[in-house]
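In: pasting the sequence and the predicted coordinates here, then a few questions.
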Amino acid sequence: MGATRLRHEARRTHADLYGEIDRASALLVIGGDIDPVVPATMSQQLYQAAQQPKRLWIVPGAVHGNYLNAAPHEYPQRLVEFFSRELSAEPMQAR
C-alpha cells in the first residue's frame with residue numbers, strides 16, 4: 001500500500017465506513033466492552049449498518065485490540081468458526 005493511500009485511509013471518517021459497510025460480503029465485528037478507542041456502542045453501530053451475513057462479539061474485559069488476552073480460548077475459536085463458515089464452498093444458509 002502506498003504512502004498516498006495510507007494518508008487517504010487515515011482521513012476517512014466513521015460516516016465513510018458506515019457508507020461502505022453494506023458492500024462487505026461477510027463481516028465480523030469484534031470490540032471490547034472497555035475499549036477507550038472504539039467504544040462498544042460504535043462497534044454495535046457498525047454492526048447494525050451492515051447487511052447479513054454478519055456477526056458481532058463484544059469481548060468482556062477487553063480494551064482495543066486486546067481480545068486474545070481477554071478471551072484466550074474463545075477468541076481463536078470464534079475466528080476459526082467465522083472464517084470456516086464464510087469461506088466454505090457450500091452455499092450460505094440463512095442465519
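Out: Okay, I see it.

In: which residues of this protein fall in helices?
Out: 3-10, 14-20, 40-49, 67-70, 74-86 (DSSP state H).

In: which one is Gln70 nearest to, not counting chain neighbours?
Out: Not Gln; residue 70 is Ala. Using Cβ to Cβ, 6 or more residues apart in numbering and skipping the chain neighbours, the partner closest in space to Ala70 is Ala62 (3.7 Å). C-beta: built from backbone N, CA, C; applies to glycine.

In: how much space is there between that neighbour and Ser84?
Out: 23 Å (Cβ to Cβ, to the nearest Å).

In: quick one, which of the two is more surrounded?
Out: Ala62 (22 against 9; other Cβ atoms under 10 Å).

In: hmm, the more buried one is touching Glu74, no?
Out: No - counting by Cβ atoms under 8 Å, Ala62 stays clear of Glu74, with 10.7 Å between them.

In: where in this protein is pLDDT low?
Out: 1-24, 89-95 (pLDDT under 70).

In: and Ile58, how close does it get to Ala49?
Out: Taken as Cβ to Cβ, the span from Ile58 to Ala49 is 16 Å.

In: no no, Tyr75
Out: Taking Cβ to Cβ, one finds Tyr75 at 24 Å from Ala49.

In: with His64 instead?
Out: Taking Cβ to Cβ, one finds His64 at 20 Å from Ala49.

In: and these two? Which one has more around it.
Out: Of the pair His64 and Ala49, Ala49 is the one with more neighbours under other Cβ under 10 Å, namely 17 against 13.

In: show me what contacts Asn69?
Out: Shown in contact with Asn69 (Cβ atoms under 8 Å, 6 or more residues apart in numbering): Ala62.
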